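Asks: I would like the atomic coordinates for the input below:
(chains A and B)
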Number of protein chains: 2
Amino acid sequence: MQAGANLPAVGGYNQAVILDAVRRSTDGVSRVELAESTGLSPQTVSNVTRRLLDEGFIVDAGTVSAGVGKPRTILRLDAAGRYAIGVHLDPTVITVVLLDLASHVVADRVIATPESAEARVTIARIAETVDDLVAEAGVDRTRIMGVGVAAPGPIDVAAGTVLNPPLLHGWRDVAIRDELADALDMPVLLEKDVTAAAVAELWAGGTADDRNAIFFYYGTGLGTGIILRNEVVRGVTGNAGDIAALTVGSADGRPRRPAITAMPSVLVDAAISRGVLQAHDGSLGTEEVRGLFGQLVQAATDGDEEAIAILDAAADDIAQGLVQLANLLDVDRVYFGGPFFPVAQEFLLARIPDRVHSSPLWVLPHEIQFERSQFGDDVAAVGAASLVLDHAFSPRPEGLLITR
Amino acid sequence: MQAGANLPAVGGYNQAVILDAVRRSTDGVSRVELAESTGLSPQTVSNVTRRLLDEGFIVDAGTVSAGVGKPRTILRLDAAGRYAIGVHLDPTVITVVLLDLASHVVADRVIATPESAEARVTIARIAETVDDLVAEAGVDRTRIMGVGVAAPGPIDVAAGTVLNPPLLHGWRDVAIRDELADALDMPVLLEKDVTAAAVAELWAGGTADDRNAIFFYYGTGLGTGIILRNEVVRGVTGNAGDIAALTVGSADGRPRRPAITAMPSVLVDAAISRGVLQAHDGSLGTEEVRGLFGQLVQAATDGDEEAIAILDAAADDIAQGLVQLANLLDVDRVYFGGPFFPVAQEFLLARIPDRVHSSPLWVLPHEIQFERSQFGDDVAAVGAASLVLDHAFSPRPEGLLITR
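Replies: Here you go, the predicted structure:
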């Protein structure tokens, strides 16, 4: 992972390996089993588990007898041993979650993104919200490992800055990572929103299988998070997954860009101009778009042919875009998520899989499995918090004492 | 890497780390320096280097005095200590290279791909060519670590089969890996051609920098190899990099697919129909396409406006495709290679970089560095052979004794 500002590395490689093994054992695990599954010596396992117990990451969860020999102590993750905070900065709403070590959302808050406010005003609001959430949850601040921020791209992960996201007005070269770290006196890391969403899915699953997937984010804007070999793809500056330029052909022979043509606000505008929805005065706020998008989907469900045609073209644009992305990356899974997806999921999931697999441009020798994200609107915030936990859990070769 | 049929793992993780460090030291390296750079204990370094000397991977290259203390023995890679064979199966030609441990092409052969022959006839011809090459080079067969085969996709890496490449007639579900292993009695691995080409670039550079790049392969067909964080991307079945479906907009408002519209044979056809080149009787063989493509480029260089327009549109299609790929993967480097690229490189490299960076759809906060591949026509064969060597050299965490 990209380290955040002063994000503390919890321990060495062996400690991460053991903590990870304890985390994955739903019923707890003994030291003997840990030595077997990790290949580490009983002495190392003993030393490391003692340290993890002392620091409150794991707890002693009783003993079991296993045939002959003395009973074995079972070790379990202490879900309340550490916490992480996740913040999703969206053009419409800011979601803040408090995640425990077992990746459960212990508390969350959603506030409206201050409109046309300076970035630092918004950052101050985020800091207040985090403080409130922590106080309300009654969690000891020393147990909070850090804050992960999921923000719209383009960003500069290394510098911790949000550059100039098209839908987030007034944000240009904002050093959100360091400013929030100063305001909260906590370590903070920054990640692109769609990448954070992919991290949430990655973390929720086991790491036993070797996942290669695209997270298709359907929000105010559209984007993708990419998972290859069980790692999220960040790219040189943390901006991987941008599909603004993705172009597909269409039945009418004109190129279409799904990140525009399938955007909820664009579909709502089309529905208004084609008489499916009533005209509105002035420009639409994002909350109004959400309501109107729901009406559009309802109209399609009720059989309105114009509504069906509008959504059908969007489903086709997304499907043809996914054909290109899947062919390029040879993935076998697509997750759908983001705030607008649940509204239209029945319509979209009834069409997209068939269109992907029956596309004349499909080249892969295997099919794609399509899944809904399990996190709903919180997905990017949960992912950002997961990244903070990830720092403690994931054994990474970079952590080895081998310098190359 | 995806292991081939019985490809022998040379040693453990520490051995790979040390071998890799010796390989990267152009002037040789002492045991003390190895211990410092790898973080391994002097005792481990001593044991591993003794084994590597015994097995002929490295040689003692004299001593140097470094201030006080006794002179240090310098260890160097023994380029002739091991070899690997690379085979590039292209629709037109089959290239076979013999690579030494220092990644030098010691010998190579190019034969015409038998036309409309059964796949097993072609495989027998490949085996003969390998045998001839090895005999002619006078290399002891026991020093050959294996054979890497680069083949057009789609392939099934796990099964070692070529599935149904559009330009390779008569090939359908061919178990080339195992058939060639039987014919040669050598371990064989299979890789997609464009991925192998990317491997060649990866291997030629150091691993000190963290490369994120696209290899744009301009051959009979067009494809890409993807490098993220210094690893090639293979995908679930080894088919990553397919851009047949990639679609771009164009000045005339119609969608264009660069893998078709910028194909050399398509450009030659256009040049014939627009009177730039003389009409030919019957269909063109690939060698004829190569000659005619050279004439087309020459006509453009000489100022023929139709020729310029044809190649200009192709440059634009490639540039717009690269914008999409770079935005998606957040890479900062593009390698161009493949047999047709050198023919048109001056024309294409004079246009593509500017068009990528000035595209209104470009979103990255950094520029792309464009480079020509250094391997010419051999690139995929060299990459396939490199993969075999890679098995010995690259320290990989999967090789650690930690089972998860």
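Asks: contacts and neighbour counts: CA atoms only from here.
Replies: OK.
Asks: can I see the domain layout of chain A?
Replies: Chain A breaks down into these domains under automatic domain parsing: A:13-77, A:82-202+A:380-391, A:210-375.
Asks: list the helices and strands the helix ranked longest in chain A packs on?
Replies: Criterion DSSP state H: the longest helix present in chain A is helix A:305-329. Contact partners of helix A:305-329 among helices and strands, from 3 or more CA pairs under 8 Å, 6 or more residues apart in numbering or on different chains; DSSP states H and E: helix A:258-261, helix A:264-273, helix A:286-301, helix A:352-357.
Asks: if we look at the second one, which residues are touching it?
Replies: Defining contact as CA atoms under 8 Å, 6 or more residues apart in numbering or on different chains, one finds that helix A:264-273 is touched by A:219-220, A:260-261, A:277-279, A:289-290, A:292-293, A:296, A:306-307, A:310-311, A:314, A:340.
Asks: Just the buried subset of these, please.
Replies: By neighbour count, with 16 or more other CA atoms under 10 Å in any protein chain shown, those hold A:219-220, A:260-261, A:277, A:289-290, A:292-293, A:296, A:306-307, A:310-311, A:314, A:340 as buried.
Asks: if we take those residues, which one ends up nearest to chain B?
Replies: Nearest to chain B among these is A:I260, at 12.0 Å by CA to the nearest CA.
Asks: show me the contacts for the closest one.
Replies: A:A244, A:V266.
Asks: For it, give its distance to A:V248.
Replies: For A:I260, the distance to A:V248 equals 11 Å [CA to CA, to the nearest Å].
Asks: Return every residue with contacts to both of those two.
Replies: Counting by CA under 8 Å, 6+ apart, A:I260 and A:V248 have no shared contacts at all.
Asks: A:T220 against A:F341, yeah?
Replies: No: counting by CA atoms under 8 Å, A:T220 sits too far from A:F341 to count as a contact (10.3 Å).
Asks: picking that back up, among the helices and strands packed on helix A:305-329, which is nearest A:V32?
Replies: Closest approach to A:V32 among those (CA to CA): helix A:352-357, 45.7 Å.
Asks: which residues touch that closest one?
Replies: With contact meaning CA under 8 Å, 6+ apart, helix A:352-357 is reached by A:A315, A:D316, A:I318, A:A319, A:Q320, A:L322, A:V323, A:W362, A:E367, A:I368, A:F370.
Asks: can you do 7 Å?
Replies: Helix A:352-357 has contacts (CA atoms under 7 Å, 6 or more residues apart in numbering or on different chains) with A:A315, A:D316, A:A319, A:Q320, A:L322, A:V323, A:E367.
Asks: before we move on, the earlier item: mind telling me which of the domains of chain A the model trusts least?
Replies: Ranked on mean pLDDT, the bottom entry among the domains of chain A is domain A:13-77, at a mean of 86.
Asks: got the CA positions of stretch A:183-192 in CSV?
Replies: Presented in CSV, the C-alpha positions along stretch A:183-192 are these (Å, rounded to 0.1, in the frame of the first residue of the first chain):
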residue,chain,number,x,y,z
ALA,A,183,-6.6,18.9,12.3
LEU,A,184,-7.1,15.5,13.9
ASP,A,185,-3.5,14.7,15.0
MET,A,186,-3.9,11.3,13.5
PRO,A,187,-2.1,9.6,10.6
VAL,A,188,-4.1,10.0,7.3
LEU,A,189,-3.8,8.3,4.0
LEU,A,190,-5.4,9.3,0.7
GLU,A,191,-6.9,7.0,-2.0
LYS,A,192,-9.0,7.5,-5.1
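Asks: which parts of the stretch 251-400 of chain A sit against chain B?
Replies: A:G253, A:R254, A:P255, A:Q324, A:N327, A:L328, A:L329, A:D330, A:V331, A:D332, A:L361, A:P397 (CA under 7 Å from any CA of the partner chain).
Asks: Just among these, which is most surrounded?
Replies: A:V331 (29 neighbours; other CA atoms under 10 Å in any protein chain shown).
Asks: got the contact list for it?
Replies: The neighbours of A:V331, taking CA under 7 Å, 6+ apart as the test, are A:N212, A:A213, B:G235, B:V236.
Asks: ok, those residues vs A:D131, which is closest?
Replies: Checking these against A:D131 by CA to CA gives A:A213 as the nearest, at 35.1 Å.
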